[in-house]
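A.B. asks: Got a predicted structure plus its sequence, pasted below:
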Amino acid sequence: MKVILVHRANALSADEDPARHLSAQGVKESERLGRFLKAQGISPARILHSDKQWTLETGERVAEAMGATGKTATAAYEINTDDAVDPFIAEINASNGDIIMTGHSDYIVRAASKLLTGDESNQAIEVKPGNGTAFCLEGSGDNWVLAWGWRQEQLPG
């Protein structure tokens, strides 16, 4: 099984847009990442996101570029910066297919750390410089490895 953890794409500032839609750059980041994931043969069962506009749009743009529209969903549990990762881990363990999570940097770092080391406080990845960064973890149960990580500047245009 694969879990793709995606730091949400670039969004407009709250001053520019109180709803925080993706910026033109964020749209490009999301679409570029979706094309890359499709080229890697990723076929998600679900593409989860938080209830924030910029993670929702990131997930939808990635899905559209992958030809996976209709697979996006707001997670049934909170996945913001300080929220517990255990519900996400439980969903991964119950899943019958690959999952993409488009979320917030602190949450995906803690989720990756929990999967890779068993301890969410033992930082195993770093999401810097940030927006549109993606990591692919492969495994199941307590046996996970980091397969690859990409930053936007590494992805083809």
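C.D. replies: Right, received. Where do you want to start?
A.B. asks: which one's the longest helix in the protein?
C.D. replies: helix 24-39 (DSSP state H).
A.B. asks: quick one: contacts for I89?
C.D. replies: A111, K114, L115 (Cβ atoms under 8 Å, 6 or more residues apart in numbering). The C-beta positions use only the backbone N, C-alpha and C, and glycine is treated the same way.
A.B. asks: For it, pull up the helix or strand it's in.
C.D. replies: Using DSSP states H and E, I89 maps to helix 86-94.
A.B. asks: Report the next helix or strand after that helix in sequence order.
C.D. replies: Helix 86-94 is succeeded, C-terminally, by strand 99-103 (DSSP H and E).
A.B. asks: And the strands in this protein?
C.D. replies: 2-7, 46-49, 72-74, 99-103, 134-140, 143-150 (DSSP state E).
A.B. asks: about what we covered before: nearest to W148, of the contacts of I89?
C.D. replies: L115 (14.7 Å; Cβ to Cβ).
A.B. asks: how many neighbours does that closest one have?
C.D. replies: 25 (other Cβ atoms under 10 Å).
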